[in-house]
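>>> What shape does this take:
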Amino acid sequence: MVQKTDKIWFDGKLVPWDEANVHVLTHTLHYGVGVFEGIRAYETVDGRSAVFRLEEHVERLFDSARIVEMKVPFSEQQIFDAILETLKANRLKAAYIRPLIFIGDGAMGVFPGSNPIRVAIATWHWGAYLGEDALKKGIRIKTSTFTRHHVNVMMTKAKVSGNYVNSVLAKTEALADGYDEGLMLDTAGYVSEGSGENVFLVNKGVIKTPPLTSILAGITRESVLTIARDMGYKVVEERFSRDELYAADEAFFTGTAAELTPIREVDRRQIGKGEAGPVALALQKEYFKAVTGDSPKYKDWLAYYTI
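Numbering: from 1, shown residues only. Now for the predicted structure:
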């Protein structure tokens, strides 16, 4: 459950949480054309707080808006500053951050016409997305019956609200079948990503992840790839099938919400030793050092703020 905080930044000003409302005829509510980001802030080792890769998240938010032809009424710098302002207003030393750009009410029909483009930023405290045990022990996942979007069906490089109907169906199916998360294949049958995560496997010390074809260019994904290369691992970005995943020594998900979550089972098949693997745990350790400011090499990834 989302933990209520005091303020939400809405169209340029902070408003009380309960007053951040929209009309029932809001265009995005009906047609799904909105764009968003998931961002995290962490309490750092020196007692300060920092947002992880805020600049990259804001840049991707605006890229998503351009892809779906939404003209944002604020600059990237204004949204960057507004995120920090909202965190401070809610006195959050660690938080999940959700900026959302959406089409307001006015014209009703597929074409939104001159409906206003609105922007909201909410922040709240949020723990481990898949549970604290998931980070330590790994999770069980199943291949979804729902296929990930084709690049000419939906704009797969944009975090568009409507794209995530696909994810909701996959996640709901996985939970109903007793698993923790769904694994989605692309339209050619190769492993694509989770309902909201990028996926990796490890085999004979080599780390492999799907290339940026039909998948979202995850910021956590790119961070983990950088960390892995810096640690001396061989990293390959190429397609792989389910059976290669079944036979892997290790597997894990990455994402802002999921952070770095090991996978211990896929489609009833034990992965490796059926527990969080050594490579995943080593990368996870370095990732958490990076997000908490305990790794000078990645200090440029942090946007500090004080309450």
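>>> contact partners of the helix or strand of the chain with the lowest mean pLDDT?
Lowest mean confidence among the helices and strands of the chain (mean pLDDT, DSSP states H and E): helix 132-137, at a mean of 88. Helix 132-137 has contacts (CB atoms under 8 Å, 6 or more residues apart in numbering) with A128, D180, E259, L260, T261, P262, R264, E275, A276, Q284. Bear in mind the C-beta positions are built from the backbone N, C-alpha and C, glycine included.
>>> any idea how far the first one is from A50?
Looking back up the chat, that one is A128. According to CB to CB, to the nearest Å, A128 stands 19 Å off from A50.
>>> Can you pick out the residue with more neighbours from those two?
With neighbours defined as other CB atoms under 10 Å, A128 and A50 compare such that A50 has more, 23 against 14.
>>> mind checking the SS state of that one?
strand (DSSP: H, G, I helix; E, B strand; the rest coil).
>>> Ignoring the adjacent residues along the chain, who's closest to R48?
Excluding the flanking residues, the one nearest R48 by CB to CB, 6 or more residues apart in numbering is Y304, at 5.4 Å.
>>> tell me the phi and psi of the nearest residue to A257 once chain neighbours are set aside?
Spatial nearest neighbour of A257, excluding adjacent residues (CB to CB, 6+ apart): Y129 at 3.7 Å. Note on Y129: backbone dihedrals following degrees, to the nearest 10 are phi -60, psi -40.
>>> Y129: how many residues sit nearby?
By other CB under 10 Å, 20 other residues sit near Y129.
>>> do T172 as well
Residues contacting T172 under the criterion other CB under 10 Å number 14.
>>> Could you do T143 as well?
For T143, the count of nearby residues is 18 (other CB under 10 Å).
>>> Do I have it right that it meets L185?
Yes. T143 lies in contact with L185 (CB atoms under 8 Å); the separation is 6.6 Å.
>>> between these two, what contacts are shared?
R242.
>>> for V266, what are its contacts?
By CB under 8 Å, 6+ apart, V266 lies in contact with R140, I141, K142, T143, L183, R242, L245, Y246, A251.
>>> What separation is there between the second one and G106?
Just to be clear, that refers to I141. Taking CB to CB as the measure, I141 falls 42 Å from G106.
>>> out of those two, which sits in the more crowded spot?
Higher neighbour count among I141 and G106: I141, with 26 against 14, using other CB under 10 Å.
>>> three-state assignment of that one?
Of the three states, I141 takes strand under three-state DSSP.
>>> State the pLDDT value of it.
Note on I141: pLDDT of 98.
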